[in-house]
Structure formats: structure tokens, C-alpha cells
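Novice: have a look at this prediction, sequence included:
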Amino acid sequence: MKRFLTLLALPILLSACVDTTGISAESSRKPQGNAMSVVVITEFSDLECPACRSANMTIVKPLLEKYGTQVRFDYTHFPLRSLHRHTMELAEAAECAADQGKFTEFVDLAFENQPELAKGKALEWGSTLVSDKDLFTRCVKSKIKDKAIMSDYDAGVAMGVQGTPSFFVNGKQTDASLEALSTAIEAQLKGAQMRL
């Protein structure tokens, strides 16, 4: 039993030994679209989720193409750890890429390459995007972003998220379809214009 507990604790202890100089535990990801918009789309997503991959291509990209200057789009982590064994590694890498201004690029790359996902791939993919590979590698290996990721997850649970992808328009959950989201966005944009 002692040996088992030691083996469980070893990865945690090793991650604590990583030099975290210059690395922040906070998320530095930026929203897409118009950061000042009164219409906010929030997606709760898991980078290992096949449905999220599909939604990224068939819902998120078209929405941003159509409404990019009119809405704010916030990608939010909702790691389904019991289903996806690489989800935390992917989320950590995304957050560490965000520190170098490459969050959206990492998300797109992870979804694009999701079928080839294996242990260590998140680190490999992120290294192709960032300018400071050492900083990125230390950030991912330190697991310093875990609290920020789990804070997203907790916020999703509090909002009633039960799976991914889940979309909200100004805090109201909306069906994960291009049509439903477009309808909700149009209603919010029209309401905003009427208030002006």
C-alpha cells in the first residue's frame, strides 16, 4: 500500500520541482471577436471531445465569421476527466500557449489534430506555435494552470453545464447549433439596439 501511495504522489512531487520563474497561475487567454461587445457567447468545451471538435468547425468558426465584430466569444474549459485522459494536458498546454498570445491557435491546432492525440502531443503541438519553447514546456510540466482550468469547470457546473460543448449567450444556455445560436445572438443584438 505504501508503494502504491508513493507511486501516486510521485508525479505531483515531480511537477512541484519544475522551475516556475516567469510563469503565472492565472489565465491570460483573450476573447475572440469584439471584446467590448454587450453580446457574449460562452462555450464550455473539452479539447479532447469529438463533439467539441465538430462544433469548433461547424458552429464557432461560422459564428465568428458572421458576427465577429459584433460579439465577444469566450472559450471556457470544461475538462471531462472521467472520459478523456488527455484533457487536462491539452487544457494546460492551451493556457500556457495563451501566455505567449497563442491560445486560439492552440485550440484550433488541438481540434485539427485531435485524431492523432496521444500522451505528449499537447506539448509537441504547442511547441510549434510559441516563441519561447522552454517557458512553454516548463509551464505545462508545472501544472500551474490547473486551478484556473478547474475554476472554469466549477463555473460551468454552477451554470448547469452537464456536457460539452455547451453554449451560452449572455448567460442563457442555448442549443449547440448554428441556427439556435444565431437566433439568440440576433435577439440580443436587436435588444441592445433598442436600448440605445
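Specialist: Okay, I see it.
Novice: where do the helices sit along this structure?
Specialist: Using DSSP state H, the helices assigned to the chain run over residues 2-16, 50-55, 61-67, 87-98, 103-112, 121-127, 133-142, 146-159, 178-195.
Novice: how about low-confidence regions in the protein?
Specialist: Under the criterion pLDDT under 70, the flagged ranges of the chain are 1-18, 20, 193-196.
Novice: which residues does the residue nearest to T104 when sequence neighbours are not counted bridge with?
Specialist: Of all residues beyond its chain neighbours, the one nearest T104 is Q32 (6.1 Å), with distances taken as Cβ to Cβ, 6 or more residues apart in numbering. Quick note: C-beta positions are derived from backbone N, CA and C, even for glycine. In this structure, Q32 has the following beta-bridge partners (DSSP bridges): F73.
Novice: is it true that Q32 touches T69?
Specialist: No: in terms of Cβ atoms under 8 Å, Q32 does not count as a neighbour of T69; the distance is 11.0 Å.
Novice: tell me how far A148 lies from P31.
Specialist: 15 Å (Cβ to Cβ, to the nearest Å).
Novice: what's the closest non-adjacent residue to the most centrally placed residue in the chain?
Specialist: Ranked by distance to the mean C-alpha position of the chain (Cα atoms, centre = their mean), the top residue is H77 at 4.1 Å. On the basis of Cβ to Cβ, 6+ apart, the spatially nearest residue to H77 that is not a chain neighbour turns out to be D152, at 4.1 Å.
Novice: and the gap between that neighbour and C139?
Specialist: Taken as Cβ to Cβ, the spacing of D152 relative to C139 amounts to 17 Å.
Novice: L123: what's it in contact with?
Specialist: Residues touching L123, when contacts are defined by Cβ atoms under 8 Å, 6 or more residues apart in numbering, comprise 89, 93, 136-137, 140-141.
Novice: of all these, which comes closest to A55?
Specialist: Each of those was checked against A55 using Cβ to Cβ; the closest is A93, at 19.8 Å.
Novice: burial of the closest one, as a residue count?
Specialist: When counting by other Cβ atoms under 10 Å, one arrives at 30 neighbours for A93.
Novice: pretty sure it contacts G120?
Specialist: No: here A93 does not reach G120: they are 10.3 Å apart, not a contact under Cβ under 8 Å.
Novice: quick one: which of the contacts of L123 is most hemmed in?
Specialist: Each of these was scored by neighbours using other Cβ under 10 Å; the highest score is A93's, at 30 neighbours.
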